[in-house]
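Dropping a prediction and its sequence here:
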Amino acid sequence: VRVARRHQPFAVELSGLDGADVSRSNGAELRRFLIQHRLVIIRQLDISPEQHVLLMSRLGRVITEMPDSVHLPYPERVGGKVSYVTTRPGEYISGRDKLTFHSDFSFYRDGAGDAISLYAVEVDRDDPTTYVDMVGAARHMPAALLERLRGLEVVKCANFFQNADDYGDHYRITDRIEGKDYGNTVSVHPAVIRHPRTGEELVNICQTFTSHVKGWSYATSEDLFRDVARWQYLPAHTYRHYWRTGDLVIWDNIALQHGRDPLGDAGTRHLQRVVTNPWDVEELQERSGSALDLHDPALLPATGEAAT
Ligand SMILES: [Fe+2]
């Protein structure tokens, strides 16, 4: 495995890896690149779903994302370990909407977990996925702002039943639709955390899943989020990946957030997804627990003037 190219500000493109024959030592090497660069690109791969799963299993525990009801009719989905982010209908993440910045799973108590990979099975439009570095954000923001964040907790949630148009930049815990089953997808997190592998501080606030600062009103939270966002989404901390068929992109889902602009009306973008995480989705749900839910007053935003 060799470095073919570096992409500013953090990504690295590798060559010399045959997706059909991925060894344990390849996995250890990929891990080192992932720790150092946060995002690894391997181009012109021709791999089956099984090979994709094998490759990621060299990095960590490949998790079952899909419930049995979804994957059982499709043996090629390797027991629910393979899913799709696609313009084709009826998949895990289908559609062409804008996706605001987020780390997947970060609304669970255990946080964002580990790594995500997407493999471009068929791409005839190259709209980018945008990646932003939260370690860089913590490092570059004013020291006083970072110090302020260190003392705060945020409430995160996933409001699956909302359209992108309806929630602005942040899901709000009180926008949940009464009677819908959201699973155990509310949790409280420090606004700044340390990366479990590198010990680096990073900003643990994202656009999509962060409802508000614990104990604060939405308005006061929003003022802070706006100040922080100035440092999170700077071009200097951004890498845009323009997809081509055969690309495999693996990224650190803890250090990086990802998002995309709306995709155009025509053309196909079919990306195959395999994820490593210490816990399966069902385990993440269990570990998060249902005690934290939207009826717990401690999780609801303050009304009126927040005590900050
Ligand atoms: Fe995502």
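Okay, I see it. Residues are numbered from 1 along each chain as shown.

immediately after the lowest-mean-pLDDT helix or strand in the chain, which helix or strand?
None of the helices or strands of the chain scores lower by mean pLDDT, DSSP states H and E than helix 68-71, at a mean of 76. Using DSSP states H and E, the helix or strand that follows helix 68-71 in sequence is strand 83-86.

That next one pairs with which strands?
When pairing is defined by DSSP bridges, strand 83-86 lines up against strand 93-94 (parallel), strand 269-276 (antiparallel).

Rebuild those as CSV, extending it with mean pLDDT and mean neighbour count.
For glycine as for every other residue, the C-beta is placed from the backbone atoms N, C-alpha and C. Supplementary listing: those in CSV, determined by pLDDT from 0 to 100; neighbours: other C-beta atoms under 10 Å:
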stretch, mean pLDDT, mean neighbour count
strand 93-94, 88, 13
strand 269-276, 97, 22
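
for the ones you listed, which one sits closest to Ser57?
strand 269-276 (7.8 Å; C-beta to C-beta).

just to revisit the earlier point, turn the strands paired with strand 83-86 into a markdown table, including distance to Tyr182.
Shown next, in a markdown table, are the strands paired with strand 83-86 (distance: least, C-beta to C-beta, whole Å):
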| stretch | distance to Tyr182 |
| --- | --- |
| strand 93-94 | 17 |
| strand 269-276 | 20 |
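
so which of those comes closest to His195?
Comparing those under C-beta to C-beta, the one sitting nearest is strand 269-276, at 15.3 Å.

low pLDDT regions in the stretch 51-200 of the chain?
164-167 (pLDDT under 70).

In it, mark out all the helices, start to finish.
68-71, 134-140, 143-150 (DSSP state H, counting those that start in this stretch).

Comparing the ones you listed, which comes out most buried?
For those, the largest average neighbour count (mean count of other C-beta atoms under 10 Å) is found in helix 134-140, namely a mean of 22.

And it, how far out from the chain middle?
17 Å (C-alpha atoms, centre = their mean, to the nearest Å).

and that helix, what other elements does it pack with?
Judged by 3 or more C-beta pairs under 8 Å, 6 or more residues apart in numbering; DSSP states H and E, helix 134-140 is in contact with strand 201-203, helix 218-232.

Check which residues of the last one are buried.
Judged by neighbour count using 16 or more other C-beta atoms under 10 Å, the buried positions of helix 218-232 are 218, 220-222, 224-225, 228-229, 231-232.

Taking those, tell me the two that lie furthest apart.
Tyr218 and Trp231 (21.0 Å).

Report the contact partners of the residue lying closest to Val82 once chain neighbours are set aside.
Among residues not flanking Val82 along the chain, Pro49 sits closest, at 4.6 Å (C-beta to C-beta, 6 or more residues apart in numbering). Going by C-beta atoms under 8 Å, 6 or more residues apart in numbering, Pro49 touches 76-78, 82, 272.

what does Ile205 give?
Residues near Ile205 by C-beta under 8 Å, 6+ apart: 149, 154, 191, 225, 228, 232.

number of nearby residues for the closest residue to Ser290 other than its chain neighbours?
Excluding the flanking residues, the one nearest Ser290 by C-beta to C-beta, 6+ apart is Asn184, at 5.0 Å. Asn184 has 19 neighbouring residues, counting by other C-beta atoms under 10 Å.
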